[in-house]
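# Sharing a model prediction with you, sequence too.
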Amino acid sequence: MNDTPPLSIVKYLRSFCMADNILTYLHIDEEGNLVAWGGYPRHYGLDNLAVGQAATEQLFFLEGMLPLEHSQILKFLALEGGQVAHIHLLPIRSSTWVLLFDASQAHDQQQEMQQQLNELSILSYRQSRMLQDLEETRHKLLEEKQKLAEANKLKGEFIAGLSHELRTPLSSIVGYTKLLDESPAAKEQMSNYLGTVQNNAEQLLGLIDNVLDQARLDSNSVEIKPVTCHVRKLLDNLKQLFFPMAREKRLNFQINISLNTPDHIQIDELHLRQILINLMTNALKFTHEGEVSVNVSWAANTFYFSVKDSGPGIDKAQQEKIFKAFHRSENTQHVQGAGLGLSISYRLVEQMGGKLEVESSLGQGATFHGQVYAPQAQNLSIDHMLEKSQPQDNIHDPAATQIQVSDEPKKATILLAEDSRGIRMLMELYIQEGGYQVLSVEDGEAAVQLALAEQPDLILMDMQMPVLDGFHAVEQLRSKGCVTPIIALSASHIDLDKQQALSVGCNDYLIKPIELQTLLTTLKRFLEPS
Amino acid sequence: MIQKKICMIGDFSVGKTSSVARFVKQSFSEKYLTTVGVKIDTKMVELPNQEQVKLILWDIAGNNALTTATASYLRGAAGYLLVVDGTRLPTWHSAVNLQNMVQEQIGEKPFLALLNKADLVNQWELTQEELNPQLQQGWKMIKTSAKTGLGIEKAFSYLAEQMV
């Protein structure tokens, strides 16, 4: 039995398949010319096929494809006319057969699916980017918020500190001026009073200058004006300015100038002087023994300076903050100042095209290194100089004595704890004026010791003092059973400070500057209640 | 007449089809229509030496890697354009990846990177730092915008010159 279908069936099947797939075939010889074609080439936009002509010039998709070694299928090939075909390239003997199957329907289906996938992918990418951006924005906002909170805190502390810094000298000035006005005093005493008034006025002026400088730097209105500066004269002048302070603290104080430093350089002398004064003031303020030395040198149009001290040193964490405005480290809270000197110096050096850095470790002193662009002034000779001052012996400041005892015994005894020498002297005068006996100390720790040992009738306690502040001193006294009335003395008019003072055990709170009458009335209220 | 096959390579939705449409038909559509398989177009260009070259442009479906199907489209290419969407950084990484794969497949051929969507430059994620390593390797790049036509003609002409 013969299973081969009759030719008519084969022809029918071929015709059916070709029509259904819109099959087109092309035969290309080994020379690359079109030999024959069949099916539906017009469906694919392949009009005017010319037998005997180069196939690649008629079928552009064949460019670079021939000759073939293996059969190849190009799926979903959209031809210029827009029709999509799967193209089968079949090398048979030395010729090539190209079969085109219509793939428009499958193409459209796949395109719809792929389109959705791609759009979804883009959407999801955009969404993740947006979330990332949002997260970054949130992070930035948080940082800004923290910065603002920090700035706000610093500003609050600055205002509180400034209030203290202004009120302390003001209270001294007001008090002494009143004394000068009201009571006849000996010439020497009058001179002392005036000296104190002058010192406090100068301190106030310096403070106001610093605040103004900071404001100018903030508004970028500081102008750098280089002039011809006589380096040695400037340093000589600074030496004279700081020598008394160094001598008083019995510190070894040196200003060293390297041999290569020219006599004259072009620099903003006024600001250089201000920078050096700020650095030297700090060094002398914080150093209680040892030395403070200033070293300057010059090379390659740059003026180098360093101020070294053997003070308490600055730990790494503080080093990052000390050049910020209003910053005061915890262990310098008791020291006079608004926390502006280093910030001003840092920014001035920057504006002068230089840099200021600190090198220090806790307990090892500190060195501030600075460098500023400063070319040598023309036609001026180089002079060599080395300056050195030695520590002075046997200089004793009676005011620095830790505990002073007044010798006018009368009625009640009042313990006065106050670190500012000017205020202390004034308050002692006021107390004595009221007819009371006075014991004075400079810090909270001494106040606690003396209060427990001497059991005074009343304690006047300054709240901002070195070693142990007033809050902690009162707390300690109350915890040790001391029931003596304690009156807080403070420059802060902030309610929170008053509440804190009362909550640790103070009986009253007086704000500086304190008038004689206010003080005496308050003392009387506690000491002579009847 | 000279005929040269150029392949458009790159991740999806970077603007390969739009670049070809701008070059061949001077048209642009805002609507995104993904390409499946490959689309063939031709354009005649004249080189500076006045020689006429027929460019057979194979606009291959976008992908971040080379698939078997894509690899079959590359056969016979005389050069290629790597298209990148400047507003999506990952498409640059895809281009770097694809370049290595294409070179492995068809050997060293002239190519040019099209940093597309230059009209949206304020939304670009692509930065100079990202481009530097490839620039140091000698990659040639051009900023293009299929939307405005910026750099498109220049890109194809440059590649045509390199291939002949």
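Done, it's in.

# ok, B:Val53 - contacts?
B:Met1, B:Ile2, B:Gln3, B:Lys4, B:Met44, B:Val45, B:Glu46, B:Leu47, B:Ala160, B:Met163, B:Val164 (Cβ atoms under 8 Å, 6 or more residues apart in numbering or on different chains). Heads up, the C-betas are built off the backbone N, CA and C, glycines and all.

# how about those in CSV, adding pLDDT, neighbour count and distance to chain A?
Output for the contacts of B:Val53, formatted as CSV (pLDDT from 0 to 100; neighbours: other Cβ atoms under 10 Å in any protein chain shown; distance: Cβ to the nearest Cβ, whole Å):
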residue, pLDDT, neighbour count, distance to chain A
B:Met1, 78, 8, 8
B:Ile2, 91, 13, 10
B:Gln3, 94, 18, 5
B:Lys4, 96, 21, 8
B:Met44, 95, 10, 12
B:Val45, 94, 18, 15
B:Glu46, 92, 11, 19
B:Leu47, 91, 14, 18
B:Ala160, 95, 24, 14
B:Met163, 93, 20, 11
B:Val164, 87, 15, 14
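
# To which secondary structure element is B:Met56 assigned?
Careful, residue B:56 is Ile and not Met. If you go by DSSP states H and E, B:Ile56 is part of strand B:52-60.

# Tell me who's in contact with the closest residue to chain B within the stretch 301-450 of chain A.
Per Cβ to the nearest Cβ, A:Lys355 is where the stretch 301-450 of chain A lies closest to chain B, at 27.8 Å. Counting by Cβ under 8 Å, 6+ apart, A:Lys355 touches A:Val349, A:Gly370, A:Gln371.

# near chain B at all, the longest helix belonging to chain A?
Longest helix of chain A, by residue count under DSSP state H: helix A:104-182. Yes - remark: helix A:104-182 sits within contact range of chain B at A:His107, A:Gln110, A:Gln111, A:Gln114, A:Gln115, A:Asn118, A:Glu119, A:Ser121, A:Ile122, A:Tyr125, A:Arg129, by Cβ under 8 Å from any Cβ of the partner chain.

# the strands in chain B, which residues?
Ranges of strands within chain B are B:2-10, B:38-46, B:52-60, B:79-85, B:111-116, B:141-143, based on DSSP state E.

# Neighbours of A:Gly32, how many?
A:Gly32 has 16 neighbouring residues, counting by other Cβ atoms under 10 Å in any protein chain shown.

# which residues sit in contact with it?
Here A:Gly32 is in contact with A:Ala54, A:Ala55, A:Thr56, A:Leu66, A:Pro67 (Cβ under 8 Å, 6+ apart).

# what about the stretch 401-530 of chain A, any weak spots by pLDDT?
Residue ranges of the stretch 401-530 of chain A with pLDDT under 70: A:401-410, A:529-530.

# picking up where we left off before, wait, which of the contacts of B:Val53 is closest to A:Ile73?
B:Gln3 (22.5 Å; Cβ to Cβ).

# Quickly list what the closest residue to the closest one other than its chain neighbours is bridged to.
Nearest non-adjacent residue to B:Gln3, counting by Cβ to Cβ, 6 or more residues apart in numbering or on different chains: B:Lys54, 4.6 Å away. Going by DSSP bridges, B:Lys54 is paired in beta bridges with B:Gln3, B:Met44.

# and B:Lys54, how many neighbours?
Neighbours of B:Lys54 under the rule other Cβ under 10 Å: 17.

# Quick check, it in contact with B:Met1.
Yes - with contacts counted by Cβ atoms under 8 Å, B:Lys54 reaches B:Met1, the gap being 6.0 Å.

# what does chain B put close to chain A?
B:1, B:3-5, B:12-13, B:32-34, B:36-42, B:54, B:56, B:61-62, B:69, B:72-73, B:75-78, B:88, B:90, B:125.

# Just want the residue of chain A that's nearest chain B.
For chain A, Cβ to the nearest Cβ, closest residue to chain B: A:Gly64, 1.8 Å.

# and that residue, which of the three is it?
coil (DSSP: H, G, I helix; E, B strand; the rest coil).

# gap between it and A:Lys153?
Separation of A:Gly64 from A:Lys153 (Cβ to Cβ, to the nearest Å): 73 Å.

# Could you look up the SS state of A:Gly81?
coil.

# Now do the contacts for it.
Applying Cβ under 8 Å, 6+ apart to A:Gly81 gives the contacts A:Tyr44, A:Gly45.

# Phi, psi for it please.
The phi/psi pair for A:Gly81 (degrees, to the nearest 10) reads phi -80, psi -10.

# What residues sit buried inside the least confident helix or strand in chain B by mean pLDDT?
Lowest by mean pLDDT, DSSP states H and E among the helices and strands of chain B is helix B:68-73, with a mean of 89. By neighbour count with 16 or more other Cβ atoms under 10 Å in any protein chain shown, helix B:68-73 contains the buried residues B:Ala69, B:Thr70, B:Ser72, B:Tyr73.

# do the same with stretch A:434-445
Buried positions in stretch A:434-445, judged by neighbour count with 16+ other Cβ under 10 Å: A:Gly434, A:Tyr436, A:Gln437, A:Val438, A:Leu439, A:Ser440, A:Val441, A:Glu442, A:Asp443, A:Gly444, A:Glu445.

# now the contacts of A:Gly32 in CSV, with distance to chain B and pLDDT?
As requested, the contacts of A:Gly32 are exported to CSV (distance: Cβ to the nearest Cβ, whole Å; pLDDT from 0 to 100):
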residue, distance to chain B, pLDDT
A:Ala54, 10, 93
A:Ala55, 12, 94
A:Thr56, 7, 92
A:Leu66, 8, 89
A:Pro67, 11, 89
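
# Quick check: end-to-end length of stretch A:45-57?
End-to-end distance of stretch A:45-57 (Cα to Cα, to the nearest Å): 14 Å.

# tell me which residues in that stretch are buried?
Here stretch A:45-57 shows A:Leu46, A:Leu49, A:Ala55, A:Thr56, A:Glu57 as buried, counting by 16+ other Cβ under 10 Å.

# Looking at those, which one is closest to A:Leu251?
A:Thr56 (96.8 Å).

# which strands and helices sit next to the helix or strand where A:Ser345 lies?
Remark: A:Ser345 resides in helix A:341-351, with elements defined by DSSP H and E. Packing partners of helix A:341-351 (3 or more Cβ pairs under 8 Å, 6 or more residues apart in numbering or on different chains; DSSP states H and E): helix A:187-218, helix A:269-286, strand A:355-360, strand A:366-373.

# what about the shortest one, distance to the chain center?
Between the mean C-alpha point of strand A:355-360 and the mean C-alpha point of its chain there is a distance of 15 Å (Cα atoms, centre = their mean, to the nearest Å).

# could I get the helices and strands packed on helix A:341-351 as TSV with mean pLDDT and distance to A:Tyr304?
Compiled in TSV, the helices and strands packed on helix A:341-351 are given as follows (pLDDT from 0 to 100; distance: least, Cβ to Cβ, whole Å):
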stretch	mean pLDDT	distance to A:Tyr304
helix A:187-218	72	23
helix A:269-286	88	12
strand A:355-360	92	11
strand A:366-373	93	5
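
# Tell me which two in the contacts of A:Gly32 are the farthest apart.
A:Ala54 and A:Pro67 (13.3 Å).

# quick one: which helix or strand includes A:Ile414?
strand A:413-417.

# Show me what that strand is packed against.
helix A:421-433, strand A:437-441, helix A:444-454, strand A:458-462.

# Out of those, which is the most enclosed?
Most buried of the helices and strands packed on strand A:413-417 by mean neighbour count (mean count of other Cβ atoms under 10 Å in any protein chain shown) is strand A:458-462; its value is a mean of 26.

# Check what contacts that one and list those residues.
Contacts of strand A:458-462 (Cβ under 8 Å, 6+ apart): A:412, A:414-420, A:423, A:427, A:431, A:444, A:447, A:451, A:470, A:473-474, A:477, A:484-490, A:506, A:523, A:526-527.

# residues from chain A in reach of chain B?
Looking at chain B, the residues of chain A close enough under Cβ under 8 Å from any Cβ are A:56-57, A:60-61, A:63-65, A:72-80, A:84, A:103, A:107, A:110-111, A:114-115, A:118-119, A:121-122, A:125, A:129.
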